[in-house]
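# Attaching a predicted model along with its sequence, questions to come.
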Amino acid sequence: MTAPRILRPQGSGRFVFFCDHASNYVPAELRDLGLPASELARHIAWDIGAAGVTEALSEIFDAPAILCNASRLVIDCNRHLNASDLIPEVSDGTVIPGNLHLSEAAKATRRERWFHPYHDAVEAVLLERETRGVQSIAVSVHSMTASLAGKPRPWRIALSSHLDRSLADPVLAALRRPGDVVVGDNQPYGLDPEVDYSIPFHALRRGLPHVQVEFRQDEITETTAQRQWALRFAQTLM
Ligand SMILES: [Zn+2]
């Protein structure tokens, strides 16, 4: 298993999709990080449904997509390398036994095997397009839980943005136009360049147009629903 899964690297679409939390895979040598399967199935291990939405978006636009093949409990590819929760010891109240008291060598192995190859793959796709003179619009795909601390989340889809709202604003307007769903604007999560890594590193640094989207997990558990939401979101990007 390699860190990045790359779809349509030569795709002709304007967008480049990436999915930091696409998988709940834990390599065998990490022995499930000491967690039961029930914990590894939860959102703490991955963004449920986000991979399917990303695959559909890549297909709809004939656009490259890069998905990370490792659980964010192995290493969180949307965190800076010096972040305390890069390899989380606790996530949403669950202690991650396999992440406690890690040696520097063990942490380095995680970075070298999963973090760097994934981000290198995103870089390679973006650089290759730059070389060909092809403009890229970066789209970071995530999913969020339906509730937090027992409180239901009203937003079925949400965008996270920072200072540059040049793409977020028209996409938000288009998502809201039918009037049938509550759309989050920096709710429940904003885009914080000090905390988030992928959009700041790949898009803000280059001045690329970008959007970070969160789909609510209960909306995208099934393949059909993933495709429907991908289509709906895609229409706002067209
Ligand atoms: Zn995520």
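All right, it came through fine.

# By mean pLDDT, point me to the weakest helix or strand of the chain.
strand 147-148 (a mean of 90; mean pLDDT, DSSP states H and E).

# Which neighbouring elements make contact with that strand?
For strand 147-148, not one helix or strand is in contact under the criterion 3 or more Cβ pairs under 8 Å, 6 or more residues apart in numbering; DSSP states H and E. In this view, the C-beta of every residue, glycine as well, is placed from N, C-alpha and C.

# Which residues of the protein lie near the ion?
Proximity of the chain to the ion (Cβ under 5 Å from the ion) is limited to residues 21, 47, 142.

# burial of the second one, as a residue count?
By that I understand Asp47. Using other Cβ atoms under 10 Å, Asp47 has 26 neighbouring residues.

# what do you get for Gln187?
By other Cβ under 10 Å, the residues close to Gln187 number 15.

# what about it, is that helix, strand or coil?
Under DSSP: H, G, I helix; E, B strand; the rest coil, the three-state class of Gln187 is coil.

# rewinding a little: and which of the residues of the chain next to the ion is nearest Ala124?
Nearest to Ala124 among these: His21, at 20.4 Å, using Cβ to Cβ.

# how many neighbours does the closest one have?
His21 has 25 nearby residues by other Cβ under 10 Å.

# Verify the assumption that it is located in a helix.
No. Using three-state DSSP, the assignment for His21 is coil, not a helix.

# Check the contact between it and Ala70; I expect there is one.
No. In this structure His21 lies outside contact range of Ala70 using Cβ atoms under 8 Å: 9.6 Å.

# joint contacts of the two?
Counting by Cβ atoms under 8 Å, 6 or more residues apart in numbering, the common neighbours of His21 and Ala70 are Cys77.

# just to revisit the earlier point, dump the residues of the chain next to the ion to JSON lines, plus distance to Arg113.
Formatted as JSON lines, the residues of the chain next to the ion follow (distance: Cβ to Cβ, whole Å):
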{"residue": "His21", "distance to Arg113": "17"}
{"residue": "Asp47", "distance to Arg113": "20"}
{"residue": "His142", "distance to Arg113": "22"}
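
# pLDDT for these - can I get that in JSON lines?
Output for these, formatted as JSON lines (pLDDT from 0 to 100):
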{"residue": "His21", "pLDDT": "98"}
{"residue": "Asp47", "pLDDT": "98"}
{"residue": "His142", "pLDDT": "98"}
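
# Quick check: Phe201 is in a helix.
Yes. Applying three-state DSSP, one finds Phe201 inside a helix.

# Distance-wise, check it relative to the ion.
For Phe201, the distance to the ion equals 15 Å [Cβ to the ion, to the nearest Å].

# Model confidence score at that residue, please.
We have a pLDDT of 98 for Phe201.

# Who are the contact partners of Arg42?
Arg42 neighbours (Cβ under 8 Å, 6+ apart): 92, 94.

# Quick check: which element contains it?
If you go by DSSP states H and E, Arg42 is not part of any helix or strand.

# same question, Pro170
Assigned by DSSP H and E, Pro170 falls in helix 168-176.
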